[in-house]
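1. Sequence first, predicted coordinates after that:
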Amino acid sequence: MLIRAVKRPLLARFSWVDAAVAAAVLVLLYTVLRVGQGTTVAFNTHADIHVDTDPARLPYDAARSLLRMFAALAASVAFTFVYAYAAAKSRRLERVLIPALDILQSVPVLGFLTVAVTGFIALFPGSMLGLEFASIFAIFTSQAWNMTFGFYSSLTSLPRELDELSRSFGFTRWMRFWKVELPSGMIGLVWNGMMSFGGGWFFLVASEAISVNNKQYALPGVGSYAGAAIAAGDLGKVGWAILAMAVMVIGVNFLFWRPLTAWAERFKNEQSEAGEVQKSVVLDLLRRSHWPRLLAKALRPAWHALSDAARIFGRDDRPLAVDPARRRTGDVVFTAVAGGLILWGLADLGRYLYDRTGLGVFGEPLLLGLATFVRVIVLVALATVVWVPIGVKIGFSPRLTRIAQPIVQVLASFPANFLFPLAVWFFLKTGLSINIGGTLLMALGAQWYILFNTIAGAMAIPTDLREAMDDLGVTGLQRWKRLILPGIFPAYVTGGITASGGAWNASIVSEVVTFGGTTLTATGLGAYIAQATAKGDNPHLLAGVAVMSVYVVLLNRVLWRRLYRLAEKRYSL
């Protein structure tokens, strides 16, 4: 007797989980629309800016800050895909784009703000949108570079068998990206995105309470709230800002990053299943809900149409060998064009500085840069010794990852400005020089790049390789030498590059510490740039940014790029 299963109507299969997910999405959309209305109000650039520090305003300020953070994250992801893909797929573009990325990550957020505020206010005259876009752009500049470096690393160290799979099946370039390259780099992309999001929090005060050309601009947000409380010396309101920041970071981690990291486990390149996997209550609810499947079904025709349209990019049939004569000719032409444009830009910058201040303006920032350079080297070395073993331990244990992830997120996202009251008190009480203490404040914004990338690298090591080491009885120093260090090396190099650049950037808010009427200033390039920005001294600001870029690029060329090439050739899984 044949018994047929009776398929229940779709509505009959809906449960309380579907209702909860639908309600959460509706509340989210309502909040975004309600908060977004404040971004289009009229704005007078000549009026005095007053930041309301009533604690009752903090929920609204927190929502405005979160909206900016996620807008900047979306822009960073789009930039990462385009920029990293172009650098990884074109040897000639790589020669320009990667050094340019070194320079971009070394340009301080304040350096971008000077141009961004003026440009966006002119683009949206009389509207708060100008300041909003300037703030989002500033947060973007603190997020994008780390994600781009990480994804570029995953593209250039793609496992050989995946490359051969794409070629043998004749994938289109679009299919290769979405089916092979993006999944292969997903774990690193998620963890670097998490770290970059923390970097955005770190510079929240600088991006929401903007001081440019002797003008003060402020947007509703936790950053501007904290900046006003710190300037007024109000410890109580600083405490409220710290509490709001902690709630936001933990909430975003629980609702967004933990589900993403647990979901990214599916892209781990291994042959045996891990004994423990990361879990997320939010991800479990989404998997039990029917809404994701319904949404995927509704969008499937559009996705197929987009895939068909993307065939214009061609198939993954790049030749493994290229005619040397043709390559040399192309290299000469490309180098001549790119080099000519770069020289023209440098000549124009030199002429501008020569007319305003003379080329001697570079002397002071070059000397001050040496002091900041020493702080950066010490910071990266100490962070490597401290955080690499801890990151490996966390990455190898899903249970530890669940415990450590929100803690590390809070620590990585904590702006140095929030610690200024405690830092000023501590430095004055102990007599500790800001020249030494500034290094500790810089560490708040830089050391976590090494930790997060080490965790991502350890998580990406296939479980079957670890089990093979267990079966062979390889432990201790030999295990580190044969498995762990080679496995995490590409991720660590990415973390080292971004930690180095992040340390230079963090020097802007760490070498000048202000609380109430007390200001402590360290000897360094970060303090030089911060003071030039506040005064609106564009020639000195450009000189400081140019010198910082030179220091970062030289360090990357001498050290990090060589390690990058070593990681590509010897240590890709």
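-> That came through, no problem.
2. From residue 139, how far off is residue 208?
-> Noted for residue 208: a distance of 9 Å to residue 139, by C-beta to C-beta, to the nearest Å. Yep, even glycine has a C-beta here, placed from its N, CA and C like the rest.
3. who touches the residue nearest the centre of the chain in this structure?
-> For the chain, the residue nearest the mean C-alpha position is residue 196 (2.3 Å; C-alpha atoms, centre = their mean). By C-beta atoms under 8 Å, 6 or more residues apart in numbering, residue 196 lies in contact with 73, 76, 142-144, 146-147.
4. one step back: neighbour-wise, which of residue 208 and residue 139 wins?
-> When neighbours are counted by other C-beta atoms under 10 Å, residue 208 and residue 139 differ, and residue 139 comes out ahead with 31 against 27.
5. can you pull the contacts of that one?
-> Per C-beta under 8 Å, 6+ apart, neighbours of residue 139: 68-69, 72, 200, 203-204, 207.
6. Which helix or strand contains it?
-> helix 129-156 (DSSP states H and E).
7. on that earlier part again, between residue 208 and residue 139, what contacts are shared?
-> What both residue 208 and residue 139 touch, as defined by C-beta under 8 Å, 6+ apart, is the set residue 68.
8. My guess is residue 483 contacts residue 467. True?
-> No - the criterion here is C-beta atoms under 8 Å, and residue 483 misses it with residue 467 at 10.9 Å.
9. Show me where the stretch 101-250 of the chain has its strands.
-> 209-212, 215-218 (DSSP state E, counting those that start in this stretch).
10. mind checking how far stretch 332-342 is from the chain centre?
-> When distances are taken as C-alpha atoms, centre = their mean, to the nearest Å, stretch 332-342 is centred 30 Å away from the chain's centroid.
11. Reformat the contacts of residue 196 as CSV; add distance to residue 520, pLDDT and neighbour count.
-> Formatted as CSV, these follow (distance: C-beta to C-beta, whole Å; pLDDT from 0 to 100; neighbours: other C-beta atoms under 10 Å):
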residue, distance to residue 520, pLDDT, neighbour count
73, 33, 93, 21
76, 33, 93, 25
142, 24, 81, 29
143, 29, 86, 26
144, 31, 87, 25
146, 29, 80, 29
147, 33, 88, 30
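12. now, which of those sits nearest residue 301?
-> residue 73 (28.1 Å; C-beta to C-beta).
13. any idea which element the closest one lies in?
-> helix 58-89.
14. Check which helices and strands that helix is in contact with.
-> Packing partners of helix 58-89 (3 or more C-beta pairs under 8 Å, 6 or more residues apart in numbering; DSSP states H and E): helix 16-36, helix 91-106, helix 129-156, helix 186-202, helix 204-208, helix 222-232, helix 235-252.
15. Include distance to residue 569 when you put those into a markdown table, please.
-> What follows is the helices and strands packed on helix 58-89, written out as a markdown table (distance: least, C-beta to C-beta, whole Å):
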| stretch | distance to residue 569 |
| --- | --- |
| helix 16-36 | 46 |
| helix 91-106 | 15 |
| helix 129-156 | 10 |
| helix 186-202 | 19 |
| helix 204-208 | 39 |
| helix 222-232 | 43 |
| helix 235-252 | 38 |
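16. which one of these lies closest to residue 461?
-> helix 186-202 (10.4 Å).
17. what is the orientation angle of the closest one with helix 235-252?
-> 160 degrees (axes from the mean of the first three to the mean of the last three C-alpha atoms, to 10 degrees).
18. chain center to helix 186-202, what's the gap?
-> 5 Å.
19. same question, stretch 79-90
-> On C-alpha atoms, centre = their mean, the centre of stretch 79-90 falls 16 Å from the chain's centre.
20. One more: stretch 54-67?
-> How far stretch 54-67 lies from its chain's middle: 23 Å, per C-alpha atoms, centre = their mean.
21. Which positions within stretch 543-563 qualify as buried?
-> Of all the residues in stretch 543-563, those buried under the rule 16 or more other C-beta atoms under 10 Å are 543-553, 555-556, 559-561, 563.
22. Kindly report the same for stretch 391-403.
-> So, applying 16+ other C-beta under 10 Å, buried residues of stretch 391-403: 391-392, 394-396, 398, 401-402.
23. Need the max-distance pair from these.
-> Once C-beta to C-beta is applied, the buried residues of stretch 391-403 give 392 and 402 as the farthest pair, at 16.6 Å.
24. any chance you could map the helices in the stretch 301-450 of the chain?
-> Listed in chain order, the helices of the stretch 301-450 of the chain (DSSP state H, counting those that start in this stretch) span 324-356, 363-396, 398-413, 420-430, 434-460.
25. do you know which of these lies nearest residue 247?
-> Per C-beta to C-beta, nearest to residue 247 of the helices of the stretch 301-450 of the chain: helix 398-413, 10.0 Å.
26. The closest one to helix 58-89, inter-axis angle?
-> Using the same axes, to 10 degrees: helix 398-413 against helix 58-89 is 110 degrees.
27. Could I get the pLDDT score of residue 21?
-> Listed pLDDT for residue 21 reads 81.
28. Against residue 503, how distant is it?
-> According to C-beta to C-beta, residue 21 and residue 503 sit 41 Å apart.
29. Next: residue 124.
-> 34 Å.
30. same thing with residue 540?
-> For residue 540, the distance to residue 503 - C-beta to C-beta - is 22 Å.
31. Which of the two has more residues huddled nearby?
-> Set residue 540 next to residue 503 and count neighbours by other C-beta under 10 Å: residue 503 wins out with 28 against 20.
32. Pull the contacting residues for the more buried one.
-> So residue 503 contacts 375-376, 379-380, 442-443, 445-446 (C-beta under 8 Å, 6+ apart).
33. one more time with 6 Å, if that's ok
-> Going by C-beta atoms under 6 Å, 6 or more residues apart in numbering, residue 503 touches 376, 379, 442, 446.
34. Report how many residues lie close to residue 360.
-> Per other C-beta under 10 Å, the neighbour tally for residue 360 reads 10.
35. Residue 23: how many residues sit nearby?
-> 10.
36. roughly how far out does stretch 249-261 sit from the chain middle?
-> Remark: stretch 249-261 is offset 16 Å from the chain centroid, using C-alpha atoms, centre = their mean.
37. now do the same end-to-end measure for it.
-> With C-alpha to C-alpha, to the nearest Å as the measure, the ends of stretch 249-261 fall 15 Å from one another.
38. Residue 174: neighbour count?
-> 19.
39. for it, what are its contacts?
-> Contacts of residue 174 (C-beta under 6 Å, 6+ apart): 310, 313.
40. Show me the shaky parts of the stretch 101-250 of the chain.
-> Along the stretch 101-250 of the chain, segments meeting pLDDT under 70 span 106, 108-111, 114, 210-215.
41. Contacts for stretch 287-298, please.
-> Taking C-beta under 6 Å, 6+ apart as the rule, stretch 287-298 contacts 17-18, 21, 286.
42. can I get these in TSV with neighbour count and distance to residue 386?
-> As requested, the contacts of stretch 287-298 are exported to TSV (neighbours: other C-beta atoms under 10 Å; distance: C-beta to C-beta, whole Å):
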residue	neighbour count	distance to residue 386
17	16	42
18	17	46
21	18	41
286	16	36
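43. ok, which pair from those is furthest apart?
-> Most distant of the contacts of stretch 287-298, by C-beta to C-beta, are 18 and 286, 10.5 Å apart.
44. Nearest to residue 222, out of the contacts of residue 139: which one, please.
-> Set against residue 222, the nearest of the contacts of residue 139 by C-beta to C-beta is residue 204 (6.5 Å).
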